[in-house]
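Trainee: Sequence plus predicted model, see below.
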Amino acid sequence: MTPALGKLIEISGAPLVRDSGPIGDAVDHLGDIGASIHEVLARKNGFFCFEAALRFFPSTTVESSWSISEWNSPNLWKDDYRGLADNMFCFAEEIFGRQFVVRDEKIAVFESETGDLEVIASSLEEWASKNTP
């Protein structure tokens, strides 16, 4: 586990899924970033951080969160964007509804209010380093 990801997991709350079982293959198509997401989920299967200001989606739907697969299904929130969000895979979101997504092997922030997309990192470790104290 890389340092910033380890720190983010360490300071986060309890896992959203306690008995996770297999994580599944929802992120396998995302290359190195997908492998890092899989590693995070294997270590702590979904979590809230910063007093619930950040949610990292779990592999399984639970009372407090959609699963990472369901959240990325085309007929949930993505449908409202009429194709704009089709090539994005969301792995986390922040309290104001901004989605952290993987697109074109980069991590970006998708502004749910405006539809704007801003690339912010080239790896999950770089993303985590921007989100940990």
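Mentor: Arrived safely, thanks for sending. Numbers count the residues shown, from 1 in each chain.
Trainee: gap between stretch 77-87 and the chain center?
Mentor: Its chain's C-alpha centre and that of stretch 77-87 lie 17 Å apart, by C-alpha atoms, centre = their mean, to the nearest Å.
Trainee: Pull out the buried residues from it.
Mentor: Across stretch 77-87, burial judged by 16 or more other C-beta atoms under 10 Å covers 77-78, 85. C-beta coordinates here come from the backbone N, C-alpha and C atoms, glycine included.
Trainee: Give the residue farthest from the middle of this protein.
Mentor: The centre of the chain is farthest from one residue, Arg82, which by C-alpha atoms, centre = their mean lies 21.3 Å away.
Trainee: Over to Val101. Which of the three states is it?
Mentor: strand (DSSP: H, G, I helix; E, B strand; the rest coil).
Trainee: go on, Ile37?
Mentor: Secondary structure, three-state DSSP: Ile37 is helix.
Trainee: Excluding residues flanking it in the chain, which one is nearest it?
Mentor: Distances taken as C-beta to C-beta, 6 or more residues apart in numbering put Val27 closest to Ile37, at 4.6 Å, once the chain neighbours are dropped.
Trainee: Let me know how buried that neighbour is, in neighbour terms.
Mentor: Applying other C-beta atoms under 10 Å, we find 24 residues neighbouring Val27.
Trainee: can you pull the pLDDT of it?
Mentor: For Val27, the pLDDT comes out at 87.
Trainee: again, but for Gly21
Mentor: With respect to pLDDT, Gly21 has a value of 61.
Trainee: residues touching the residue nearest to Ile37, list them.
Mentor: 33-35, 37-38, 41, 68, 89, 91 (C-beta atoms under 8 Å, 6 or more residues apart in numbering).
Trainee: Take those residues and write them to CSV, including pLDDT.
Mentor: Output for these, formatted as CSV (pLDDT from 0 to 100):
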residue, pLDDT
Ile33, 94
Gly34, 93
Ala35, 92
Ile37, 94
His38, 92
Leu41, 93
Ile68, 93
Phe89, 95
Phe91, 96
